[in-house]
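Peer 1: Sequence and predicted structure are below.
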Amino acid sequence: MAFEKNADSLSAAAKIDKIDILKNSKLMYEITGSGAATRQSLSVYANLVDFDNGTIYFETAQKGIRLYVGIADEAKKNPGKYPDIDLLLNLKEDEHLKVVVHYSENVKLRENIEKFAKLKRGSKLSAEKNAALAAFNELMDLLESGTVRTAQIIGGQWQANLWVKEGIMLGFALGKTVVYSGGNDIQFCDKETFPLRKIPTKSQIRIVPPSTGLRRGAFAAKGTIFMPPAFANVGAHISGNSMVENLAGSCCQIGHDCHISAGAVVGGVLDPIEATPVIIGDNVLLGEGSGVTQGCRLGDLATLAPGVHLSKATPVIDPINGVAYTSNGVCELLEYKMGDAKLFGVGKIIKEKDNSYGPEVPSGALVIPGLSMSSLGVPKVTAMVAKYITHLSQRSYALEEALRS
């Protein structure tokens, strides 16, 4: 069949355990199992998102439908018979699907990391230092390959991978502080277990000198660009074709085709291990001097205007939907009049969430500096949603494409 020939031409998905497909943060479908048809569908979806968590827009869906040549025609005539194809056929131009790739877990490594972490907590790690160091380095290699990550979407919700973060923490106990030579008499001091990564040319990553680097245990997919003074800390996961011009903090998750502009900061959360890191969706733009810290989350297509900073204590006012996004969840939006001006405040919680991380900004939101009323009745600068977009075409990328070429 034509589809089987297409599937055979794709990169194999042998290391992938399953793929979750979400729409509007809700789990719509799972592709799992060991049958031939299932493995072919795993391969199709994995190739569409380049073997990393990613987004399928209408155009990408059409590409997937072409890969399902022959079967796609049968699926059109028999709705429900091929649900993995139906998702692509039914996707509208202003919609998108989130694809979550789950790689097969290295159970033995996880057990070893958990054992060594327990020894570390009991101050008994030195007795098994060599074995612990081998496990640590194996974990670092997997983080750098992108097949293991410090946080993942489970059932539609982001969760920290505790054992992975525990494994990273082992490196601080296992390594001595050493001096690294950076050339031209420049020296650095850091743990020997966390040197700067060496990036081979075949990786298709650009790391522009003179003050740019990736630390051991950071992942960057092909097509990523790091402009000075960009730095990706341990556990950071940066997906394909994203440009980083400043800090990508430890364990942060940055999606495909993002632009972290000059002076913009993506914070990191390594400790406590149960804390989820900063999450940046696909096609997100952070303007110059903006910042996302303390576990805040930006949905796909979100935009932060220059100078906008989000943290756990920062509410995001959304007059379009009449709500505010806070670390406690979605809240009522209160209105105040100051002459002819209208200000907003945060009311009671409408939809509660885990308050261990910062606000969640919905997909497509354009966030700008605004004003709100504090609990003391004083106006204060507050991030505010000015509008929403539903497709890449609604935001200009002309300059960015010129920079990337």
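Peer 2: Sure thing, it's come through. Numbers count the residues shown, from 1 in each chain.
Peer 1: Next, the closest residue to Ala12 other than its chain neighbours: phi, psi?
Peer 2: The spatially closest residue to Ala12, leaving aside those adjacent along the chain, is Ser43, at 6.2 Å (Cβ to Cβ, 6 or more residues apart in numbering). Bear in mind the C-beta positions are built from the backbone N, C-alpha and C, glycine included. With angles defined as degrees, to the nearest 10, Ser43 shows backbone torsions of phi -70, psi -40.
Peer 1: What separation do you get for Ser43 and Asn233?
Peer 2: Ser43 sits 33 Å away from Asn233, going by Cβ to Cβ, to the nearest Å.
Peer 1: returning to that earlier point: list the residues that contact the residue nearest to Ala12.
Peer 2: When contacts are counted by Cβ atoms under 8 Å, 6 or more residues apart in numbering, Ser43 touches 7, 10-13.
Peer 1: okay, those in JSON lines with neighbour count next?
Peer 2: Compiled in JSON lines, those are given as follows (neighbours: other Cβ atoms under 10 Å):
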{"residue": "Ala7", "neighbour count": "22"}
{"residue": "Leu10", "neighbour count": "15"}
{"residue": "Ser11", "neighbour count": "10"}
{"residue": "Ala12", "neighbour count": "13"}
{"residue": "Ala13", "neighbour count": "23"}
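Peer 1: mind putting those in CSV, pLDDT, secondary structure and distance to Glu288 included?
Peer 2: Rendered in CSV, the data for those read as follows (pLDDT from 0 to 100; DSSP: H, G, I helix; E, B strand; the rest coil; distance: Cβ to Cβ, whole Å):
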residue, pLDDT, secondary structure, distance to Glu288
Ala7, 69, helix, 44
Leu10, 85, coil, 39
Ser11, 87, coil, 37
Ala12, 86, coil, 41
Ala13, 89, coil, 39
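Peer 1: Residue ranges of each domain in the chain, please.
Peer 2: Structural domains assigned to the chain are 2-103, 107-174, 205-404, following automatic domain parsing.
Peer 1: Export only the CA atoms of stretch 265-281, formatted as CSV.
Peer 2: In CSV, the C-alpha atoms belonging to stretch 265-281 read as follows (Å, rounded to 0.1, in the frame of the first residue of the first chain):
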residue,chain,number,x,y,z
VAL,A,265,14.9,35.8,31.0
VAL,A,266,13.4,32.3,31.3
GLY,A,267,13.8,31.3,34.9
GLY,A,268,14.7,27.9,36.2
VAL,A,269,13.5,25.6,39.0
LEU,A,270,15.8,22.7,40.0
ASP,A,271,15.2,22.7,43.7
PRO,A,272,12.8,21.8,45.3
ILE,A,273,12.6,18.7,43.0
GLU,A,274,8.8,18.6,43.1
ALA,A,275,8.4,22.1,41.7
THR,A,276,7.5,22.3,38.0
PRO,A,277,9.8,24.6,36.0
VAL,A,278,8.9,27.5,33.7
ILE,A,279,7.0,26.2,30.7
ILE,A,280,7.0,28.0,27.4
GLY,A,281,4.8,26.6,24.6
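Peer 1: I am finished for the moment; much appreciated.
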